[in-house]
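Novice: Got a sequence here, can you model it:
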Amino acid sequence: PFLPADDARAKALRYAEVQLRDYIPLNIDDIPESFGKITDQIWDKLNDLRKVRFEKENIVQVQAGKLKEAVKQMDRSKEQLNEVEKSIEAVHVSFDLLVEQDGLDKKNIEVLTMFKQGQDAVEQGFVATDYG
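Specialist: Numbers count the residues shown, from 1 in each chain. Alright, predicted model coming up:
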């Protein structure tokens, strides 16, 4: 049951890996002359800070991909939950109807009998014909 989610997660992680940027240190010889004289110590610190920034951005990219996939999975789970709740409600309605029908069946017992013409359902008893 988790195969689609695992495939989607793997695809999202592959996409996130593609977005990662590689760190390439700057060369001090490539800076324009207008910057003036920069010491090697300052340049090394700049490169170190730049490398840390690249690493943090890559971590953020990976975490953003994981978050995006988690949100998608949560949305799919919410949809499934709504479907299950609807079917549970339908089962409850069906159950209530069955209970009501069962109660009516217990109270209203119908007996089908076949009468021949002239046949009475009750035996004849004594009839008082003298009213006086």
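Novice: ok, so what distance separates residue 32 from residue 24?
Specialist: Summarising the geometry, the distance separating residue 32 from residue 24, computed by CB to CB, to the nearest Å, is 18 Å. From N, CA and C alone the C-beta is placed, and that goes for glycine too.
Novice: repeat for residue 65
Specialist: Distance, residue 65 to residue 24, by CB to CB: 23 Å.
Novice: And the two? Which one has more around it.
Specialist: A count of neighbours by other CB atoms under 10 Å puts residue 65 above the other of residue 65 and residue 24, at 19 against 10.
Novice: any idea which element that one lies in?
Specialist: Under the criterion DSSP states H and E, the helix or strand holding residue 65 is helix 40-107.
Novice: and residue 22, which of the three is it?
Specialist: Per DSSP: H, G, I helix; E, B strand; the rest coil, the secondary structure class of residue 22 is coil.
Novice: could you point out where this protein is predicted with low confidence?
Specialist: Low-confidence regions of the chain, defined by pLDDT under 70, span residues 1-5, 9, 12-20, 108-112, 115-132.
Novice: try 80 this time
Specialist: Across the chain, the stretches falling below the confidence threshold (pLDDT under 80) are 1-23, 26-37, 103-132.
Novice: residue nearest the centroid of it?
Specialist: Residue closest to the average C-alpha location in the chain (CA atoms, centre = their mean): residue 77, at 1.2 Å.
Novice: Keeping just the C-alphas, turn stretch 78-97 into PDB.
Specialist: Coordinates of the C-alpha atoms in stretch 78-97 are reproduced here as PDB (Å, rounded to 0.1, in the frame of the first residue of the first chain):
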ATOM      1  CA  LYS A  78      -6.900  13.500   4.100                       C
ATOM      2  CA  GLU A  79      -8.700  12.500   0.900                       C
ATOM      3  CA  GLN A  80      -8.600   8.900   1.900                       C
ATOM      4  CA  LEU A  81      -9.900   9.800   5.400                       C
ATOM      5  CA  ASN A  82     -12.800  11.800   3.900                       C
ATOM      6  CA  GLU A  83     -13.700   8.800   1.700                       C
ATOM      7  CA  VAL A  84     -13.600   6.400   4.600                       C
ATOM      8  CA  GLU A  85     -15.800   8.800   6.700                       C
ATOM      9  CA  LYS A  86     -18.300   9.000   3.900                       C
ATOM     10  CA  SER A  87     -18.500   5.300   3.600                       C
ATOM     11  CA  ILE A  88     -18.800   4.900   7.400                       C
ATOM     12  CA  GLU A  89     -21.600   7.400   7.400                       C
ATOM     13  CA  ALA A  90     -23.300   5.400   4.600                       C
ATOM     14  CA  VAL A  91     -22.900   2.200   6.600                       C
ATOM     15  CA  HIS A  92     -24.500   3.900   9.700                       C
ATOM     16  CA  VAL A  93     -27.400   5.100   7.600                       C
ATOM     17  CA  SER A  94     -27.900   1.600   6.200                       C
ATOM     18  CA  PHE A  95     -27.600   0.100   9.600                       C
ATOM     19  CA  ASP A  96     -30.200   2.500  11.100                       C
ATOM     20  CA  LEU A  97     -32.600   1.600   8.200                       C
END
